[in-house]
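Trainee: sequence first, predicted model second:
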Amino acid sequence: MQIMVVICAYNEATTIREVVERTLAQQHPVIVVDDGSTDATAAMIADLDITLLQQPVNTGKAASIWRGASHALGQGADAVITLDADLQHRPEHIPELLEQAAKYPGNIIIASRSRGRENVPPLRDFANRSANFWISWAAGFPMSDTQSGFRLYPAAVFRHARIGHGAGRNFVLESEILIDSAQRGIYAYPVPIDAIYDVCVRPSYYRPVQDTLKIIRMVAGRLFSKGMYPRGLLRSLGVLAIPELNSSLKQD
């Protein structure tokens, strides 16, 4: 399986080189999407053996992920791993994602920050738990960390997704893609990792109140369109079995 790693970066000059070097050590091609940075992000990695895609202006995380993933698929990737550039994610966990992908082929694998949750700021933890509940309901599948950006996506996810990914979608895309994929029988399985919040050199771009409300509005729209999807709620709570839907897409 051809794996490519996509790292989206916006003004990450302080951390980007370390993240990329540690990712390269995992022996997979690396694509960095510099999302209109105004600092030395691109210069810090200019000499490394990577593909650097530069956005002329800041377009947001959703557009950057989509551009990086599209480029990876164009280069023949069977799966795309995404991780952040701010040292919240340890590239050394990539083999664990691949091991889980072998157990659940064709599905999404999420590095779930379930270890050391006491390190998570209270407001952020509340926002994450709220998002987990709503997104699991809409997806009809239980998920423990829907807000982790450290993931492995099979190529079919991007080939068949019908969701917005333009400027302003930001963290909504990472939530909606889980729901959209689940409707096609592509589910998200977790790999436990540590919750890291004490090494970041800048505040998170995720806004606990505003971005969580955007996600909830997106989820509410999907639930209303399906009559509040009571079966999905019961599946997310483990009361009803989860069906295998459109599994042929997993091999696409």
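Mentor: Thanks, I have the structure now. Numbers count the residues shown, from 1 in each chain.

Trainee: now do the contacts for the residue most central in space within the chain.
Mentor: By Cα atoms, centre = their mean, the chain has its centre lying nearest to G149, at 3.4 Å. By Cβ atoms under 8 Å, 6 or more residues apart in numbering, the contact list for G149 reads K61, T82, L83, D84, H89, E174. Just so you know, the C-beta spots here come from the backbone N, C-alpha and C atoms, and that holds for glycine as well.

Trainee: in strands, which of those residues appear?
Mentor: By the criterion of DSSP state E, membership of the contacts of G149 in strands covers T82, L83, D84.

Trainee: where does pLDDT dip in the stretch 151-252 of the chain?
Mentor: The model of the stretch 151-252 of the chain has pLDDT under 70 over residues 168, 197-204, 206-208, 245-252.

Trainee: can you pull out the helices in it?
Mentor: For the stretch 151-252 of the chain, the helices defined by DSSP state H, counting those that start in this stretch cover 155-160, 170-182, 210-225, 230-236.

Trainee: tabulate these (CSV), appending mean neighbour count and distance to S112.
Mentor: Below are the helices of the stretch 151-252 of the chain laid out as CSV (neighbours: other Cβ atoms under 10 Å; distance: least, Cβ to Cβ, whole Å):
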stretch, mean neighbour count, distance to S112
helix 155-160, 19, 18
helix 170-182, 23, 12
helix 210-225, 16, 17
helix 230-236, 18, 15
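
Trainee: distance between the ends of stretch 48-56?
Mentor: 21 Å (Cα to Cα, to the nearest Å).

Trainee: now do the buried residues in that stretch.
Mentor: I50, L52, L53, Q55 (16 or more other Cβ atoms under 10 Å).
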